[in-house]
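S.K.: below is the sequence, then the predicted model.
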Amino acid sequence: MSAALLRRGLELLEPPGRAKAPPELQRDRAGPRAAGAARRRKRVPEPGRNKTTVKGRVVKSAIEEYHRKKPVNHLRENLKYMLKGRLVADKNITEQVLAQNRGRKSKDQPPEKIEKKKPEGTVFTEEDFRKFEREYFGIP
């Protein structure tokens, strides 16, 4: 499930009074293109510093780089956020969430419930069958 679908599902489960997640769980983004613009921006070269020379270059420690780029586990904060409000969603909202996650192909659709037909009883009685036999076959 993508993050966008998860976010939409959580928005559906939010109580009507609250519209947004707490600020510690929100991302800092000025807009959809803010991250791309930051990557494309060129740094202004500092005067008096030439990067082509090896003399003055600082060797980066691989262990420090690993610790700096190590992924952060947000499980505790997410669990705290999810368990904070014990709100049971309406059946209508849960159906919306399930419909968002369901694919469009026929294999992804839930099977249709088929109503079982009760066996119909006969309209005729035994006396009617005996009368029919006598009339058509001549059996007394």
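M.R.: Yep, that arrived.
S.K.: pass me the low-pLDDT residue ranges in this protein, would you?
M.R.: Across the chain, the ranges flagged by pLDDT under 70 are 1, 15-56, 139-140.
S.K.: for residue 3, grab the count of nearby residues.
M.R.: Neighbour count of residue 3, defined by other Cβ atoms under 10 Å: 7. C-beta coordinates here come from the backbone N, C-alpha and C atoms, glycine included.
S.K.: so how far is residue 62 from it?
M.R.: Residue 3 sits 30 Å away from residue 62, going by Cβ to Cβ, to the nearest Å.
S.K.: cool, residue 135 as well?
M.R.: For residue 135 relative to residue 62 (Cβ to Cβ), the value is 103 Å.
S.K.: for residue 12, which non-adjacent residue is spatially closest?
M.R.: Closest residue in space to residue 12, ignoring its immediate chain neighbours: residue 93 at 5.1 Å, by Cβ to Cβ, 6 or more residues apart in numbering.
S.K.: host element of the one you found?
M.R.: Residue 93 is located in helix 91-101, with elements delineated by DSSP states H and E.
S.K.: who are the packing partners of that helix?
M.R.: Under the contact criterion of 3 or more Cβ pairs under 8 Å, 6 or more residues apart in numbering; DSSP states H and E, helix 91-101 touches helix 3-13.
S.K.: how about residues contacting stretch 98-108?
M.R.: 1, 5, 8, 9, 109, 110 (Cβ atoms under 8 Å, 6 or more residues apart in numbering).
S.K.: same deal with stretch 110-125?
M.R.: Outside stretch 110-125, the residues that touch it by Cβ under 8 Å, 6+ apart are residue 102.
S.K.: one more time with 10 Å
M.R.: 98, 102, 128, 129, 131, 132 (Cβ atoms under 10 Å, 6 or more residues apart in numbering).
S.K.: what is the neighbour count of the fifth one?
M.R.: Residue neighbour count, defined by other Cβ under 10 Å, stands at 12 for residue 131.
S.K.: what's near enough to touch it?
M.R.: Taking Cβ under 10 Å, 6+ apart, we find residue 131 in contact with 124, 125.
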